[in-house]
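> build me a model from this:
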Amino acid sequence: MIDTSPSLALVLAIVVLITVGVYLLLERSLTRVLLGFIAMSNGINLLFLVAGGAAGGAPITGQTAPEDMSDPLPQFMILTAIVLTMGISAFLLAMAYRSWQLNRHDEVQDDLEDRRVARRAAADLAAFEDSDTEVTTTLDEDAASAHDEMGGDRS
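I've put the predicted structure just below:
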């Protein structure tokens, strides 16, 4: 009987990579988001590798007996995931670099519309009501508090 249980070291590596990846994805810095995305995708690739079962022979007809072949589907999925991860990582890196060129930081700023929605949700107001007359701050005040290049408040 072939032992198909995964190695404890691989399972621990998967858990650590995905945990670190999710934690870094929740940060505001695009560089940390990029590192989190890469760590999480590597953890998921390892998960595909472990889920693929025990290693076998090359899946080439005539070279390996059919019962001894590896399943090529997990290998294909991992290869595709690597290519997609590289493309998304290049895009995130370009966004972080452009943000650094423009602002001298790569932090994602608050969106004014998100603040308005959160304020309305906290006040338990209906979404269809006109908020222009009920808001105590102006759009310019919200923009000044969200704009952190000059040291504004991000609350």
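> right, and the helix or strand after the helix of greatest length in the chain?
In terms of residue count, the longest helix belonging to the chain (DSSP state H) is helix 72-103. Using DSSP states H and E, the helix or strand that follows helix 72-103 in sequence is helix 112-122.
> assign a three-state SS to the residue nearest the centre of the chain, would you?
Ranked by distance to the mean C-alpha position of the chain (Cα atoms, centre = their mean), the top residue is Phe37 at 4.2 Å. Assigned with DSSP: H, G, I helix; E, B strand; the rest coil, Phe37 falls in the helix class.
> for it, give me its contacts.
Shown in contact with Phe37 (Cβ atoms under 8 Å, 6 or more residues apart in numbering): Gly21, Leu24, Leu25, Thr85, Ile88, Ser89, Leu92. (Glycine included, C-beta is placed from N, CA and C.)
> please, a ChimeraX command that selects the buried ones among those residues?
Selection of buried members from those for ChimeraX, criterion 16 or more other Cβ atoms under 10 Å:
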select :21,24,85,92
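> how near is the residue nearest to the centre of the chain to His105?
19 Å (Cβ to Cβ, to the nearest Å).
> cool, Ala65 as well?
For Ala65, the distance to His105 equals 58 Å [Cβ to Cβ].
> so what does the longest helix of the chain touch, helix or strand wise?
In terms of contacts (3 or more Cβ pairs under 8 Å, 6 or more residues apart in numbering; DSSP states H and E), helix 72-103 is packed against helix 30-51.
> now find how far off-centre the helix it packs on is within its chain.
Its chain's C-alpha centre and that of helix 30-51 lie 8 Å apart, by Cα atoms, centre = their mean, to the nearest Å.
> cool, and stretch 26-34?
9 Å.
> would you mark the buried spots in it?
Within stretch 26-34, the residues that qualify as buried by neighbour count (16+ other Cβ under 10 Å) are Ser29, Leu30, Thr31, Arg32, Val33, Leu34.
> close enough to count as contact, the second one and His105?
Going back to what we said before, that points to Leu30. No: Leu30 is beyond contact range of His105, at 9.4 Å (criterion: Cβ atoms under 8 Å).
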